[in-house]
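Colleague: I'll drop the sequence and a predicted model, then ask my questions.
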There are 2 protein chains.
Amino acid sequence: MTNTTLKLLAQQLQLSISTVSRALKDHPDISTATKEKVHALANSLDYEPNAYAIQLRTQSSKIFGVIVPAIANLFYDSFIAAIEEESRKNGYALMILQSSNNTDNELNNLKIFRQNRVSGVFACLSAHTHNLEVYEKMSDRAIPVVFFDIVPKDNKYTKVRMADERCAIIAAENIIQRGAKRVLALFGDPGLSISQKRKQAFQQFMEKYAPKTHCTYENTYSSLEAEAAFKKHLSKTQKFDTVFAMTDEILIGVMKAIQALNIKVPKEIGVISISNGFIPSLYHPNISYVETSGYELGKLAFVQMLANLKGGKTLSELTVDARFIEGGSM
Amino acid sequence: MTNTTLKLLAQQLQLSISTVSRALKDHPDISTATKEKVHALANSLDYEPNAYAIQLRTQSSKIFGVIVPAIANLFYDSFIAAIEEESRKNGYALMILQSSNNTDNELNNLKIFRQNRVSGVFACLSAHTHNLEVYEKMSDRAIPVVFFDIVPKDNKYTKVRMADERCAIIAAENIIQRGAKRVLALFGDPGLSISQKRKQAFQQFMEKYAPKTHCTYENTYSSLEAEAAFKKHLSKTQKFDTVFAMTDEILIGVMKAIQALNIKVPKEIGVISISNGFIPSLYHPNISYVETSGYELGKLAFVQMLANLKGGKTLSELTVDARFIEGGSM
DNA sequence: TTGATTTACGCAAACGATTGCGGTAAATTT
DNA sequence: AAATTTACCGCAATCGTTTGCGTAAATCAA
């Protein structure tokens, strides 16, 4: 079946295309009678404006591009859910592409976005993307980019991220409050700034406010490694009484070890992590964690995008605040 | 900065737009010398074809629409990841919208898809969508729809889904093999056909091949309910020795109860579930499960879509086979 | 040398919508 | 009754590409 177009409506109503177009969008030039007729026919013929023709004419696509390392990720999908909600409210749709932490894919995705003339893009950098030239190209095209979570260092970009340092400090505070004597602190890929920030903030805070507490630091790249690291350190003579997991991935490894060794939480070992909350809720007792809400971050990112779209540039780094969620593991 | 267009290239090269267009796509009519010149300039000026103009002209958008109940869902995101991969390979991009299990949203999403003239739609029905009229509208527009996971009953649609009955039977087989005497079988929302199918297949199989095994069936709507149900039944005089969780959600509830009560798996109670594997891998020992791969399903769905796009209709219901993954909980 | 092909390119009409600029009849004002 | 305003509406250009068709020049066959 052929799609209904303005032309078709115009023909059937013996009106010009421009009149039909204006009638449909309630232009004051058009009489009420005509408007009604047009609307009636448009409805009965199920007229849907051709988004491509509109974009071609108006040069604005009403589509946002989103780049995430992986869609299948607990953090990103709540982020996506948030901007999707907001987008819908504002008449935008989302085009989501995953980089799989691969710079080539990232490049390709950006290209697709450019070709589709997206109104803006939300981007989470691939783990090891350092060349931001591609993103410059977006600016050249006047396509605003809001970076989230994994963001570039340069201040000339608009970025939103978790308050990584705050997260780590809140965790440290609670660990101190627990009266921990020996803690095992597990962090992620040391090449990522998120790991660096969290670790540095944590370490500084601990050294300053609890110098007598003995902390062991380790970087792990996966759940399995985290599990192994936990077991390794546990087998030493000096056992630790508290473990801090920087991410869900690490927490998962830790909890597997804890279950395997049938360790009592929080009696024998206290556990605290940074998470969006899903994984911590899987265990009994619920794991206490510092909340980093992808959802909140998404909302914030959207606000930034809108600001960027309307006004000029909002070159700033905004962070979503964190809070401690009591679980029962501390 | 103004975008590079064919017109711009044509002007600079003193050629016609059509020649430039043909040169860019390696049309035999154009001389090699000209092609080279055009390509060179196009590259240096960073020419990116305007997808909207192309779509307007060719009436094909190279975009697929995807409707899922929730992006933030372990099953759907692996499905999405799969079709995203395939789409990229085939030069398509994805437009993902979530229905939040709300029929109105679903309707709206379809509308956006129509307006954007997507090449096809992958749809997972909202839990309680029974009116498929909207989807008919897509067919009217010659937009193929491939339903996945939660699919309509009518045979005139193209659908892919998990082999629900098989899953349940495989689970039952393993339960029987374990020599279970009393089993607690927890299912989801009884209004969903997925719950019905799994339950029915499971029950029939058990009654036929292990009539002496005592099975208790219950439907729960959430993790919390599953947890409560588990605890309730455990407190009875006749304890069960095996528990079957139809979904991840239910498994989560069960495992929380198990942890809380410090029950030994598999010694005191065997656990088996149907899952894509992530949740089962979170526990120690790993939970044995019947695998339903969203990823596989995505691949299959894509094949169906392509077939639909090329040939005529492929009105069939394909299912992804299931297999048992040994964890250590049985 | 002449007629028939090839080669290599340009013209112009779409695709569907938006919008500035007029234009004409009716209504209003003077 | 003439002049002016108002209300409604149409014309046509435009966004950037694609593509059928036409045609000059170059090549070929005889």
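Modeller: Nice, thanks for sending it over.
Colleague: show me what contacts A:I30?
Modeller: Contacts for A:I30 (Cβ atoms under 8 Å, 6 or more residues apart in numbering or on different chains) come out as A:19, A:22-23, A:38. Heads up, the C-betas are built off the backbone N, CA and C, glycines and all.
Colleague: from the residues you listed, which two are the most distant?
Modeller: Longest distance between any two of the contacts of A:I30 is 9.0 Å, between A:R22 and A:V38; criterion Cβ to Cβ.
Colleague: picking up where we left off before, from the contacts of A:I30, which are also near DNA strand C?
Modeller: Among these, the ones lying near DNA strand C by Cβ under 7 Å from any atom of the strand are A:R22.
Colleague: which one of the contacts of A:I30 has the most neighbours?
Modeller: The residue in the contacts of A:I30 with the most neighbours, by other Cβ atoms under 10 Å in any protein chain shown, is A:A23 (26 neighbours).
Colleague: any idea how far A:L6 is from that one?
Modeller: According to Cβ to Cβ, to the nearest Å, A:A23 and A:L6 sit 10 Å apart.
Colleague: is it correct that A:G91 is in contact with A:K62?
Modeller: Yes - counting by Cβ atoms under 8 Å, A:K62 is a contact partner of A:G91 at 6.0 Å.
Colleague: so between the two, which is more surrounded?
Modeller: Taking neighbours as other Cβ under 10 Å, A:G91 and A:K62 compare with A:K62 leading, 18 against 8.
Colleague: apart from its neighbours in sequence, what residue is nearest the more buried one?
Modeller: A:Y92 (5.3 Å; Cβ to Cβ, 6 or more residues apart in numbering or on different chains).
Colleague: and for A:P285?
Modeller: Per Cβ to Cβ, 6+ apart, closest to A:P285 is A:G328, 3.1 Å.
Colleague: what residues of stretch A:98-116 count as buried?
Modeller: Buried positions in stretch A:98-116, judged by neighbour count with 16 or more other Cβ atoms under 10 Å in any protein chain shown: A:98-103, A:105-107, A:109-110, A:112-116.
Colleague: let me redo that: stretch A:194-207
Modeller: So for stretch A:194-207, counting by 16+ other Cβ under 10 Å, buried means A:194-199, A:201-203, A:205-206.
Colleague: go on, stretch A:318-330?
Modeller: A:318-320, A:322, A:324, A:327, A:329-330.
Colleague: if I look at the closest residue to DNA strand C within the stretch 201-330 of chain A, how far off is chain B?
Modeller: Of all residues in the stretch 201-330 of chain A, A:L309 sits closest to DNA strand C, with a separation of 16.5 Å (Cβ to the nearest atom of the strand). According to Cβ to the nearest Cβ, to the nearest Å, A:L309 stands 17 Å off from chain B.
Colleague: quick one, what contacts that residue?
Modeller: So A:L309 contacts A:119-120, A:144 (Cβ under 8 Å, 6+ apart).
Colleague: between those, which is closest to chain B?
Modeller: Closest approach to chain B among the contacts of A:L309 (Cβ to the nearest Cβ): A:S119, at 12.4 Å.
Colleague: I'm done for today, thanks for sticking with me.
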